[in-house]
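quick one, fold the following:
(one chain, ligands or ions: 1)
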Amino acid sequence: MNAMKKQLQELLDIPSPIGYTKEATAYLKDKCQELGLDITSLNKGGFYATIAGKAKNALLINAHVDTLGAMVRELKSNGRIKLVALGGMPWGGVEGENLKIHTRSGKVYGGTLMPIKSSVHVHGNKVREELREPDSVEVRLDEFCSSKDDLVKLGINVGDFVSFDPRTRMLDNGFIKSRYLDDKSCCVLLLALAKKIKEEGVTPRKTIHLFFSNYEELGHGLYAIPQDVDESISVDIGCVGEGQTASEHKVTILAKDGKTPYDYDLISELVNLAEKNQIPYNIDAIENYGSDTSAALSQGKDMRFACLGPGVESTHHYERTHEDALQATLDLLYHYSI
Ligand SMILES: [Zn+2]
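Predicted structure coming up:
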C-alpha cells in the first residue's frame, strides 16, 4: 500500500487536464516499462501495456489519466483571465484554488481562481448570491499585471492549459484527500495489479491489456481497442453520496450508469468473486456518470463490459477516499485476472 500511495502522490503531482496529459502518460509508461510490460503507444497519446495470459482472447482493463481542468478563453483588459472549463467541472468546486497556467512556450505561471465579486467588504451580499459561472469567475495571476498587454508580454495566450492544485493529503488513518483521485487512483491500481501478478509469479487466465486512456472526461478515451479483446472493464471511481450505495471502504461494482446497464453475467461473476474472497463491495447504479467502457460501446465492438472502482466522496470536487477502497479494488481485479 505504501508503494502505491507513493506512486499516487507522484502522479497527482503531475498536472494532466484533458488534452494536456503527455507528462503524466510518460510517467505511467515508465512504470509499465519498469515492470517489463509490452507497450503499444497510440496516435491519440494514450497507450496500453500487455501482460501475456493463458488464453488468446484478452481482457482490457482501463483507467484514465486525464482530469478536469480549464483553458485560457480570454485575456481581459484589466489583466485578469477568463477560462473555459474542460469536462464537467463545477466552478464552485475550484473557488479560491491555486492553479497553474501552462503556456505553449513552456512557461508556467501561478494564480488563483477567484469569483469576480469575492470580497464581502467590497461587494456585500453579492458575494453570497452570485452563481459561480464562467462569466463570474476569473484568474488572479501571481504577477504584476493590470492590462491585456501585461498578459501578452508574459507570453500567456488563449488556448493555454490550466491545471488546479490537487492539494493531496494522505492521512495516518488511511484517508486520502485530493482532487483527481478520479481517476489517478485507478491508474495507480492498474500498476499495482501488474506488479502483484509479476510478484506472485502467476500467469493470468487470459491476456490482459492495461489501457491508460487520456480523453475519458470528454467521452472519447477508449479508442484503438485491440482485436483480441472480448471483455472490457473500466476502473473508475464509485460515487459516495446521498442515494448511492458506494463507500470509501469498498469497491463499487456498477450495475448501470447514465448510458447503459452493464453486462449482467460479468457483473454477477464479479459479485460472486467478491463474496467468495470476502472483498468489501457494493453494487451501485448512477445516472450522471459514464465510463470509458460504456462510451466505447458505440464503436460496435462485441465484448462483455463492466465498470468498478474505489468509492470516492465529493467527486469532481475536493475528493476523498480511503486505503480500504483501493485495497478492495485491487483485490477484486487480481482475483478476476488469475
Ligand atoms: Zn473518471
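
for the one helix or strand Leu273 maps to, packing partners?
Taking DSSP states H and E as the criterion, the element that holds Leu273 is helix 264-276. The contact analysis (3 or more C-beta pairs under 8 Å, 6 or more residues apart in numbering; DSSP states H and E) places helix 264-276 against strand 251-256, strand 281-285, strand 304-313, helix 323-337. For every residue, glycine as well, the C-beta is placed using N, CA and C.

which residues does the nearest residue to Leu270 once chain neighbours are set aside bridge with?
Nearest residue to Leu270 in three dimensions, chain neighbours excluded: Ile253, at 5.2 Å (C-beta to C-beta, 6 or more residues apart in numbering). Beta-bridge partners recorded for Ile253 (DSSP bridges): Ile283, Leu308.

and the pLDDT for Ile253?
For Ile253, the pLDDT comes out at 98.

tally of neighbours for it?
When counting by other C-beta atoms under 10 Å, one arrives at 26 neighbours for Ile253.

now the element after the longest helix along the chain, going C-ward?
Longest helix in the chain, counting residues (DSSP state H): helix 181-200. Counting by DSSP H and E, the next helix or strand C-terminal to helix 181-200 is strand 206-213.

is the ion contacted by that following strand?
No - Strand 206-213 is not in contact with the ion by C-beta under 5 Å from the ion; minimum separation 9.8 Å.

and that strand, C-alpha only, in CSV?
The C-alpha trace of strand 206-213 is given here as CSV (Å, rounded to 0.1, in the frame of the first residue of the first chain):
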residue,chain,number,x,y,z
LYS,A,206,-6.3,-14.6,-20.4
THR,A,207,-4.1,-11.9,-21.9
ILE,A,208,-4.6,-8.5,-20.2
HIS,A,209,-4.2,-5.1,-21.9
LEU,A,210,-3.9,-2.3,-19.3
PHE,A,211,-5.2,0.6,-21.3
PHE,A,212,-4.3,4.1,-20.0
SER,A,213,-6.7,6.5,-21.7
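
report the distance from that strand to the chain centre.
The gap between where strand 206-213 is centred and where its chain is centred comes out at 17 Å by C-alpha atoms, centre = their mean, to the nearest Å.

quick one: the strand or helix carrying Thr25 to helix 181-200, angle?
Thr25 belongs to helix 22-34 when assigned by DSSP H and E. On the basis of axes from the mean of the first three to the mean of the last three C-alpha atoms, to 10 degrees, helix 22-34 is oriented at 10 degrees to helix 181-200.

other SSEs contacting whichever helix or strand comes after helix 22-34?
Once helix 22-34 ends, the next helix or strand along the chain (criterion: DSSP H and E) is strand 38-41. Other elements packing on strand 38-41 under the criterion 3+ C-beta pairs under 8 Å, 6+ apart are helix 22-34, strand 47-51.

could you dump these into JSON lines with mean pLDDT and mean neighbour count added?
Converted to JSON lines, those look like this (pLDDT from 0 to 100; neighbours: other C-beta atoms under 10 Å):
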{"stretch": "helix 22-34", "mean pLDDT": "98", "mean neighbour count": "17"}
{"stretch": "strand 47-51", "mean pLDDT": "98", "mean neighbour count": "23"}
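
any chance of these in CSV, with distance to Leu68 too?
Output for the helices and strands packed on strand 38-41, formatted as CSV (distance: least, C-beta to C-beta, whole Å):
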stretch, distance to Leu68
helix 22-34, 14
strand 47-51, 22
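
for the ones you listed, which one sits closest to Asp263?
Of all the helices and strands packed on strand 38-41, it is strand 47-51 that lies closest to Asp263, at 20.7 Å by C-beta to C-beta.

so in this protein, where's the weakest helix or strand by average pLDDT?
Least confident element among the helices and strands of the chain, by mean pLDDT, DSSP states H and E: helix 126-129 (a mean of 87).

and for that helix, what's in contact with it?
Contact partners of helix 126-129, identified using C-beta atoms under 8 Å, 6 or more residues apart in numbering, comprise Pro115, Lys117, Ser118, Ser119, Val120.

so of those, which ones are in strands?
Pro115 (DSSP state E).

minimum distance to His102: which of the helices and strands packed on strand 38-41 has it?
Of the helices and strands packed on strand 38-41, nearest to His102 by C-beta to C-beta is helix 22-34, at 9.9 Å.

contacts for the closest one?
7, 10-11, 14-16, 39, 41, 45-47, 49, 65, 184, 187, 191, 194, 210, 212, 214.

try 6 Å this time
Helix 22-34 is contacted by residues Ile14, Ser16, Ile39, Phe47, Ala49, Val65, Cys187, Leu191, Phe212 when judged by C-beta atoms under 6 Å, 6 or more residues apart in numbering.

buried ones among these?
Neighbour counting by 16 or more other C-beta atoms under 10 Å classes Ile14, Ser16, Phe47, Ala49, Val65, Cys187, Leu191, Phe212 among the contacts of helix 22-34 as buried.

for the second one, give me its contacts.
Meaning Ser16. Contact analysis of Ser16 by C-beta under 6 Å, 6+ apart lists Ala24, Val65, Asp66, Thr67.

next, the nearest residue to Asp228 once chain neighbours are set aside: secondary structure please.
Once flanking residues are discounted, Asp228 sits nearest to Ala58: 4.3 Å by C-beta to C-beta, 6+ apart. Assigned by DSSP: H, G, I helix; E, B strand; the rest coil, the conformation of Ala58 is strand.
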